[in-house]
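Dropping the sequence and predicted coords here.
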Amino acid sequence: MWQAEHVRARLTLLYPQCDIKIVGMSTKGDQILDRTLSKVGGKGLFVKELEVAMAEGRADLAVHSLKDVPMELPEGFALAAVLEREDPRDAFVSNDYASLGELPAGAVVGTSSLRRQSLIAARYPHLVIKPLRGNLDTRLGKLDRGDYAAIILAAAGLKRLGLPERIRALLDPADSLPAAGQGAMAIEIPVRKEAGGVDLMALLAPLNDEATFQAVTAERKVSKVFGGSCQVPLAAFATVENGQMHLRAMVATPDGARMASAEVRGAAADPEALGEQVAELLRAQDAVDILASCLSEAAQADADARSATLAGDAPSSAT
Ligand SMILES: NCc1[nH]cc(CCC(=O)O)c1CC(=O)O
């Protein structure tokens, strides 16, 4: 809702004659909270209902966290703008500790992101990672209740909601490489064919931030090359300065035991090529094999859960 309000405010400044209404919606990704996103089926969960509303003409555009937008949009939809990025980093949030490095052996860290899980497991094998889902208030509530010693959240969400003081430390991208698109908002529109309608793409173009657009295009390319799912730990993060891009990416197993990482620099004007290059470097480090082992592990975990249920055990829950 904050993001939708933000886009409305920006559009109202540009087009004061427009009356912009917000249609608040809750999506599957908001509703299913007892499973990690990778188990609910991943990307698309925060997006589908909004696309249905646009297809039915109940909405003209949708505002998303780009991180939750699938790499390939369904036929008939397009991204019209990517707004200037908020802080893309992961944030360490705790009431008792100032950083991951301070946490004692056995301390419980909350995150449901496979990417964050594998990065923490690789660097801090003495910590225990437990799932954590829900909106920001729910997650902070669980931390405050003492369920976790610390939790990892996107800094962008905390900053947008006016809670920057909850951030005890910002994780250096060199240690905790952000997810593709993290911290960026995107506007999705239906590509309507009928003549005489307004050209939404052109109307929204002034909200697009070119450097952010280039960075996230490269990041999303890497993700797309490796299947674009959030069933696997994958990070891709680009910065753009003076037309030059620095793109870093990583794939790993959830336990952090196997990891491939690579970086490239080049002209920001050709983000897809840089995405391809970094993907090529990752492939040379067995990225495909690493990801295949993640997927077979996930399939095995699902099969185990199913047979446990069949055997009469309580279904496993992620609380
Ligand atoms: N569904 C998870 C999600 N999608 C976008 C954000 C944060 C905001 C952003 O990255 O723009 C979050 C929460 C988190 O990672 O803590």
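Perfect, I can see it now.

just checking, L295 touches V232?
Yes. Using C-beta atoms under 8 Å, L295 is in contact with V232, at 6.7 Å. C-beta here means a position set from N, CA and C on the backbone, and glycine is covered the same way.

Those two: which has the busier surroundings?
Using other C-beta atoms under 10 Å, the more surrounded residue of L295 and V232 is V232, with 27 against 13.

which of the residues in stretch 180-199 are buried?
Applying a neighbour-count criterion of 16 or more other C-beta atoms under 10 Å, one finds A180, G181, Q182, G183, A184, M185, A186, I187, E188, I189, P190 buried in stretch 180-199.

Check the third one and give its pLDDT.
I take that to be Q182. Predicted confidence (pLDDT) for Q182: 98.

Quick check: it is in a strand.
No. Under DSSP: H, G, I helix; E, B strand; the rest coil, Q182 sits outside any strand and is assigned coil.

Next, the contact list for it, please.
Applying C-beta atoms under 8 Å, 6 or more residues apart in numbering, we find Q182 in contact with L66, K67, P88, D90, A154, A156, F237.

can you tell me how far the fifth one sits from the ligand?
This points to A154. 3 Å (C-beta to the nearest ligand atom, to the nearest Å).

pretty sure that residue is in contact with G183, am I right?
Yes. A154 lies in contact with G183 (C-beta under 8 Å); the separation is 6.5 Å.

what do those two both touch?
K67, R89.

Next, count neighbours for D147.
D147, neighbours per other C-beta under 10 Å, totals 15.

who are the neighbours in contact with it?
V108, G110, K130.

how near is the residue nearest the centre of the chain to Q300?
Most central in the chain under C-alpha atoms, centre = their mean is K67, positioned 3.1 Å from the mean C-alpha point. Going from K67 to Q300 by C-beta to C-beta, to the nearest Å gives 27 Å.

what does F92 give?
From F92 to Q300 the distance is 31 Å (C-beta to C-beta).

So between those two, which is more surrounded?
F92 (24 against 10).
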